[in-house]
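Asks: sequence? don't have it. structure:
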């Protein structure tokens with residue numbers, strides 16, 4: 001990414017509260033017209049980082065630049081960014097139109113210009129005709145749209161979104177995810193969203209920064225994060241994984257050989273292991289890549305036998321949890337293609353769990369790393 005493409009630059013940004021490092025030496029470059037997500041568990045530092053970009057917190061160390069300008073000592077109201085808070089903060093004593101116009105009046109925009117800009121902003125969030133309503137007459141989704149219109153009406157270069165959909169029900173949340181993507185494409189404004197919801201980040205963002213304990217673990221596109229996680233924490237936090245501990249036997253180029261007790265000696269694709277001659281590694285595979293077979297694996301497939309211990313039914317798919325003879329728990333996701341309410345898989349049935357070597361990835365972390373993420 002060239003310097004001209006960068007709208008937000010964070011260089012060695014750290015935030016300390018006493019001895020605690022909420023954000024620890026973060027370096028990020030966020031592009032113009034990008035939908036960027038800060039993703040991670042509660043307490044990982046993502047909201048603190050967003051607040052520093054917005055000017056509501058100051059970094060203890062490091063530089064934050066917006067469109068090439070250092071934001072040191074620049075207050076929030078003077079930055080070319082706007083923020084939509086988790087609570088929406090819609091003023092109840094004002095109409096929708098007055099809420100949206102408020103920021104323009106504070107900024108000294110001429111009275112003649114304000115009505116047209118308010119109308120454009122409401123049209124953008126599909127609230128035409130709502131200018132005269134009070135917030136008490138609006139649904140949660142409509143209040144969220146008012147908050148978005150109030151932020152967009154000032155035409156910021158960057159829109160900061162702090163868990164903006166967390167208060168919405170599941171269906172409305174999904175609909176608003178699509179709306180936010182539409183708005184970002186339509187306006188060309190850089191959106192930076194903070195979320196702890198992996199599905200939300202994967203479905204909306206062009207790129208995602210996964211954070212843990214104040215540090216950025218990986219920055220990549222949703223597909224790259226999911227299929228090629230940098231470490232065990234990222235692999236476990238972005239979706240579900242099955243893990244097997246093994247010993248690295250050979251590593252060269254983009255492939256390696258790992259000795260895994262239950263799986264035998266397996267050759268799999270690998271990144272970042274070239275030159276390593278041994279050591280403990282984690283072999284992982286996503287649940288949707290696993291097939292339940294009645295016979296042992298053939299044609300180079302990897303697999304092991306297990307007994308069905310639990311079944312979680314989700315309508316379109318079921319999550320099948322099997323236990324191997326060595327006590328390893330395996331999760332396989334099965335699409336419910338037919339309408340048989342009983343299903344072909346029952347508790348107590350035995351299957352071979354098999355998958356392609358190409359669907360397996362190897363993680364060089366200590367086996368204990370990211371254990372909290374894996375449990376979720």
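Replies: The structure has been received and is ready for your questions. Quick caveat, the model's predicted, so the values are computed rather than measured.
Asks: Which residues does residue 258 form beta bridges with?
Replies: With beta bridges defined as DSSP bridges, residue 258 has these partners: residue 248, residue 266.
Asks: Tell me where the stretch 51-200 of the chain has helices.
Replies: For the stretch 51-200 of the chain, the helices defined by DSSP state H, counting those that start in this stretch occupy 96-106, 114-124, 140-152, 170-187, 198-204.
Asks: Show me which of the ones you listed has the highest average neighbour count.
Replies: helix 140-152 (a mean of 23; mean count of other CB atoms under 10 Å). (C-beta placed from N, C-alpha, C; glycine too.)
Asks: elements contacting that helix?
Replies: In terms of contacts (3 or more CB pairs under 8 Å, 6 or more residues apart in numbering; DSSP states H and E), helix 140-152 is packed against strand 81-84, helix 96-106, helix 114-124, helix 170-187.
Asks: For those, give me CSV that also has distance to residue 270.
Replies: Converted to CSV, the helices and strands packed on helix 140-152 look like this (distance: least, CB to CB, whole Å):
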stretch, distance to residue 270
strand 81-84, 40
helix 96-106, 51
helix 114-124, 46
helix 170-187, 34
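Asks: export the helices of the stretch 51-200 of the chain to CSV and tack on distance to residue 299?
Replies: Putting the helices of the stretch 51-200 of the chain into CSV (distance: least, CB to CB, whole Å) gives the following:
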stretch, distance to residue 299
helix 96-106, 61
helix 114-124, 53
helix 140-152, 50
helix 170-187, 39
helix 198-204, 31
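Asks: Just put those helices in CSV and tack on mean pLDDT and distance to residue 44.
Replies: Below are the helices of the stretch 51-200 of the chain laid out as CSV (pLDDT from 0 to 100; distance: least, CB to CB, whole Å):
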stretch, mean pLDDT, distance to residue 44
helix 96-106, 88, 30
helix 114-124, 90, 32
helix 140-152, 86, 24
helix 170-187, 88, 21
helix 198-204, 94, 13
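Asks: Please identify which of the ones you listed is closest to residue 232.
Replies: Closest approach to residue 232 among these (CB to CB): helix 198-204, 15.4 Å.
Asks: quick one: which of the helices of the stretch 51-200 of the chain is nearest residue 317?
Replies: When these are compared (using CB to CB), the closest one is helix 198-204, at 14.0 Å.
Asks: just to revisit the earlier point, out of the helices of the stretch 51-200 of the chain, the one nearest residue 218 is which?
Replies: With CB to CB as the criterion, residue 218 lies closest to helix 198-204 of those, at 12.4 Å.
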